[in-house]
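>>> Based on what follows, work out the 3D shape:
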Amino acid sequence: MAASGKAEYGLDYFLKGALAGGICCSITHGALTPVDVVKTRMQLEPTKYTGMISGFNKVIAEEGAGALLTGLGPTAFGYFVQGWFKFGGVEYFKIQAAQSMTEQQTWDNRNSIYLGASAAAEFIADIFLCPLEATRIRLVSNPTYADSMLGCMAKMVKEEGVIGAFYSGFGPILAKQVPYTMAKFAVQGATAEKIYDSLGKTPKEMSSGENISVSLASGVVAGVTAAIISHPADTLLSKINKAGAGGSGGMFSRLANIAAETGLVKLCTQGLAARCVMIGTLTAGQFGIFDIVMNAVGASKFHFHDPSKGDH
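Residues are numbered from 1 along each chain as shown. Have a look, this model is predicted:
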């Protein structure tokens, strides 16, 4: 899986990667908005929303089917922005690291490169995602709060200030997203590598359709792994963005109060099955759509390769 020449990976490549990342994240997160609405309700009101199917039925019965699309605007827009920086950033940091090493060093350190590149890219992406995620959760937890994404954001700022409204969940969003993204990219890369090895082929020896199939299969494994790792922080994030949760103190005291009230077991398990289904599907879709868009814009995706197996 050859790291090709430096000229192939200039600004044009990174912009194409960022665009593909924005599109794949926006489509997948937007499509799964109904699942996320029910999952968030299960985390916020576990006694009322006790299961995924019953949660769907309860939301539809009480609020109408349209309620399942609550937060679609900030979800689609927020995750386009996040995907732009996340996927574009991973490609950028990954290739910069690879180009600073020999081919053998790059191959030997590929897992560390995946982990470092994804952590750096996700941190940057979360700065932009956090306000939109806070807005989405506010709309889901209180559908009557505002009529639109911009209206919700304006009202939140007026009531709580910019930091209080949009960044009270920055700690948990980092705790959720950074390990999630590190696991997502590292596990997907390692799983894809195993699949290619089992087939006895490299990505360049396979058709675009076959490579997309590998991305989809490895994405499912990566998504479920990443969901389990990041779930406690995801629960905290949902709860802290509910108005009044955890008292009126600072972010860390509120988080501590929420964690104590919820308990470790519930933090790790509330809504986990639904989230595994959601993230497994979502991650597979992201890697598949990313490859499709990269092919469509004429970008040859960067892959690590083992120098001992020749240049592929």
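
>>> List the residues that contact residue 143.
Residue 143 sits next to 63, 67, 70 when contact means Cβ atoms under 8 Å, 6 or more residues apart in numbering. Every residue, glycine included, has its C-beta placed from N, CA and C.

>>> I'd guessed the last one sits against residue 34; true?
What it means is residue 70. No: Residue 70 sits out of contact with residue 34 when judged by Cβ atoms under 8 Å, with a separation of 9.1 Å.

>>> Would you indicate which residues of stretch 291-299 are buried?
Buried residues in stretch 291-299, counted by 16 or more other Cβ atoms under 10 Å: 291, 292, 293, 294, 295, 299.

>>> still on that earlier bit, nearest to residue 306 among the contacts of residue 143?
Of all these, residue 306 sits closest to residue 70, with 47.7 Å by Cβ to Cβ.

>>> Against residue 201, how distant is the closest one?
As judged by Cβ to Cβ, to the nearest Å, residue 70 and residue 201 stand 45 Å apart.

>>> and those two? which has more neighbours close in?
Neighbours were counted for residue 70 and for residue 201 using other Cβ atoms under 10 Å; residue 70 has more, 23 against 15.

>>> so how far is residue 33 from that one?
Applying Cβ to Cβ to residue 70 and residue 33 gives a distance of 8 Å.

>>> could you dump the contacts of residue 143 to a markdown table with pLDDT?
What follows is the contacts of residue 143, written out as a markdown table (pLDDT from 0 to 100):
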| residue | pLDDT |
| --- | --- |
| 63 | 89 |
| 67 | 87 |
| 70 | 83 |
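
>>> Which one of the residues you listed is nearest to residue 261?
Comparing those against residue 261 with Cβ to Cβ places residue 70 closest, at 24.9 Å.

>>> which residues of this structure fall in strands?
Taking DSSP state E as the criterion, the chain carries no strands.

>>> Poorly predicted segments of it, please.
1-7, 241-251, 310-312 (pLDDT under 70).

>>> in it, which spans are helices?
Along the chain, counting by DSSP state H, helices occupy 11-31, 33-44, 52-63, 72-99, 103-108, 110-141, 149-166, 170-199, 208-240, 251-262, 264-269, 272-296.

>>> how far out from the middle of the chain is stretch 225-236?
Relative to its chain's centre, stretch 225-236 lies at 11 Å (Cα atoms, centre = their mean, to the nearest Å).

>>> Contacts for that stretch, please.
Under the contact criterion Cβ under 8 Å, 6+ apart, stretch 225-236 has outside partners 43, 172-173, 175-177, 179-181, 183-184, 187, 255, 258-259, 262, 264, 266-272, 275-276, 278-280, 283.

>>> How about stretch 43-52?
35, 38-39, 41-42, 55, 58, 141, 234-235, 238-239, 242, 266, 270-271, 273-274, 277.

>>> now with 7 Å?
For stretch 43-52, the external contacting residues (Cβ atoms under 7 Å, 6 or more residues apart in numbering) are 38, 41-42, 55, 58, 141, 235, 238-239, 242, 270-271, 274.

>>> quick one: terminal-to-terminal distance for it?
11 Å (Cα to Cα, to the nearest Å).

>>> So which bits of that stretch are buried?
For stretch 43-52, the neighbour count (16+ other Cβ under 10 Å) marks 43, 44, 49, 52 as buried.

>>> if I read this right, residue 278 contacts residue 34, doesn't it?
No: in this structure, residue 278 is not within contact of residue 34 by Cβ atoms under 7 Å, at 10.0 Å.

>>> And the two? Which one has more around it.
More neighbours surround residue 278 than the other of residue 278 and residue 34, with 22 against 18 (other Cβ under 10 Å).

>>> ok, the more buried one to residue 307 distance?
Where residue 307 is concerned, residue 278 sits at a distance of 39 Å (Cβ to Cβ).

>>> With residue 222 instead?
Distance from residue 222 to residue 307, by Cβ to Cβ: 25 Å.

>>> Looking at those two now, which is surrounded by more residues?
Neighbour totals were compared for residue 222 and residue 307, and residue 222 leads with 28 against 15 (other Cβ under 10 Å).

>>> which residues touch that one?
Counting by Cβ under 7 Å, 6+ apart, residue 222 makes contact with 183, 184, 187, 188, 191, 283.

>>> Tell me how many other residues crowd residue 144.
7.

>>> Next up, the contacts around it.
Taking Cβ under 7 Å, 6+ apart, one finds nothing in contact with residue 144.

>>> Closest to residue 106 out of the contacts of stretch 43-52?
residue 235 (37.3 Å).

>>> Can you give me the neighbour number for the closest one?
29.

>>> if I look at it, how far off is residue 140?
Between residue 235 and residue 140 the computed distance is 14 Å (Cβ to Cβ).

>>> Check residue 31 too.
On the measure of Cβ to Cβ, residue 31 and residue 140 end up 16 Å apart.
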